[in-house]
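[1] Give me the fold of what follows.
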Amino acid sequence: MNPSDLLATSTSQEWHQSLATLIRSAADADLPRRLEQALQRLVSFDTVVLHAYRNRSRPLVIHDNYPPHRREAGVDKYLSRIYLLDPIFLATESGIDSGAHRLKELAPDRFESSEYYDHYYRSLGLKDEVGLFARVSDDTVMVVSLGFSAESPPLTRRSMQALRNLTPVVAALLSQFWAWQSARFDDAMTTTEPVDLAFSSFGQGQLTRREQEIVKLLLAGHSAKSAARELGISDGTVKVHRKHLYQRLGVSSQAQLFRTFLDHVALISRQHRQ
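    Residues are numbered from 1 along each chain as shown. Okay, the predicted model is just below:
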């Protein structure tokens, strides 16, 4: 189809008027809300959260549409404890900084059977999630996370392609927004968070560095085979390390390992507040 044919319809005119409004407001603090409204015209999602990720600092929520009664489960729990196990956070840490990506493309092979999924993600009631990634500065990636519940229409291949095609525009808008608004968020993004300290200190003095790496992968939902691929070792070696770290931490299952980690996070948080 000729591009001029695509632009000649009344629907296209309305959409481009919407884009023009977004472009004019790119530097405004209100851009995230306007962007949510524009995206809702493309796909019917239930939740939206705009995060800013900088290195391993605590993610900063710039905008979300969670009602007050769902914020603890949808936002606060994520920020206060276990964002380091989140596939989207781990994707930014591994270098993904552009494009539209479904959660199932980013998540490890055992994600839906992981304790992280059971403890946090299941309570969100989402059947699908898409992240629109945009690098907005040398050290910051912003991600618009769109959540789809079981009640919402399924995300079609066509809708997903539309989001992929739109992502460069979203990235340009967010870059302008960040250039003008980032000073408001600098202090919040430079604070070292307890959950990061908890991860670096979990098993300290008991586990080797390699065993700490394996703990992180197992908690995030990797199988032994997947963890082995990530670390460039055999899955048999991962299983040996897993057996040793279970013994050293006094646990006998993935669930116990996860609860031990959460207890450690709570301890570090209490120490951080003192």
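[2] only C-alpha atoms for contact and neighbour calcs from this point on.
    Will do.
[3] what stretches of the stretch 1-150 of the chain score poorly on pLDDT?
    1-2, 5, 81 (pLDDT under 70).
[4] Would you mind listing the buried residues in the longest helix anywhere in the chain?
    Criterion DSSP state H: the longest helix present in the chain is helix 157-181. Judged by neighbour count using 16 or more other C-alpha atoms under 10 Å, the buried positions of helix 157-181 are 160, 163-164, 166-168, 170-178, 181.
[5] and if you look at stretch 99-116?
    Applying a neighbour-count criterion of 16+ other C-alpha under 10 Å, the buried positions in stretch 99-116 are 99-103, 106-111, 114-116.
[6] Columns distance to residue 18 and secondary structure on top of the residues you listed, output as TSV?
    Supplementary listing: those in TSV, determined by distance: C-alpha to C-alpha, whole Å; DSSP: H, G, I helix; E, B strand; the rest coil:
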residue	distance to residue 18	secondary structure
99	21	strand
100	20	strand
101	24	strand
102	25	strand
103	28	helix
106	31	helix
107	33	coil
108	37	coil
109	39	coil
110	40	coil
111	37	helix
114	41	coil
115	42	helix
116	38	helix
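[7] Please convert these to JSON lines, extending it with distance to residue 147.
    Rendered in JSON lines, the data for these read as follows (distance: C-alpha to C-alpha, whole Å):
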{"residue": "99", "distance to residue 147": "16"}
{"residue": "100", "distance to residue 147": "13"}
{"residue": "101", "distance to residue 147": "12"}
{"residue": "102", "distance to residue 147": "10"}
{"residue": "103", "distance to residue 147": "10"}
{"residue": "106", "distance to residue 147": "15"}
{"residue": "107", "distance to residue 147": "15"}
{"residue": "108", "distance to residue 147": "18"}
{"residue": "109", "distance to residue 147": "20"}
{"residue": "110", "distance to residue 147": "20"}
{"residue": "111", "distance to residue 147": "17"}
{"residue": "114", "distance to residue 147": "19"}
{"residue": "115", "distance to residue 147": "20"}
{"residue": "116", "distance to residue 147": "17"}
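[8] Relative to residue 199, which of the residues you listed is nearest.
    Using C-alpha to C-alpha, residue 116 is the member of the buried residues of stretch 99-116 that lies nearest residue 199, at 14.3 Å.
[9] quick revisit: ok, residues contacting the helix or strand that the longest helix of the chain is followed by?
    Past helix 157-181, further along toward the C-terminus, the next helix or strand under DSSP states H and E is helix 186-189. Helix 186-189 has contacts (C-alpha atoms under 8 Å, 6 or more residues apart in numbering) with 54, 57-60.
[10] Compare those residues and tell me which is most surrounded.
    For the contacts of helix 186-189, neighbours were counted using other C-alpha atoms under 10 Å, and residue 58 has the most, 26 neighbours in all.
[11] Quick check: the residue positioned nearest the centre of the chain vs residue 262, distance?
    Ranked by distance to the mean C-alpha position of the chain (C-alpha atoms, centre = their mean), the top residue is residue 88 at 3.0 Å. Residue 88 sits 20 Å away from residue 262 when distances are taken as C-alpha to C-alpha, to the nearest Å.
[12] pLDDT score for residue 212?
    As predicted, residue 212 sits at a pLDDT of 92.
[13] Which strand or helix spans it?
    Here residue 212 sits within helix 209-220, counting by DSSP H and E.
[14] and after that helix, which helix or strand comes next?
    Towards the C-terminus, the helix or strand next in line after helix 209-220, according to DSSP H and E, is helix 224-231.
[15] what's the closest residue to residue 150 other than its chain neighbours sitting at in phi/psi?
    On the basis of C-alpha to C-alpha, 6 or more residues apart in numbering, the spatially nearest residue to residue 150 that is not a chain neighbour turns out to be residue 127, at 5.7 Å. Here is the backbone geometry of residue 127 (degrees, to the nearest 10): phi -100, psi -10.
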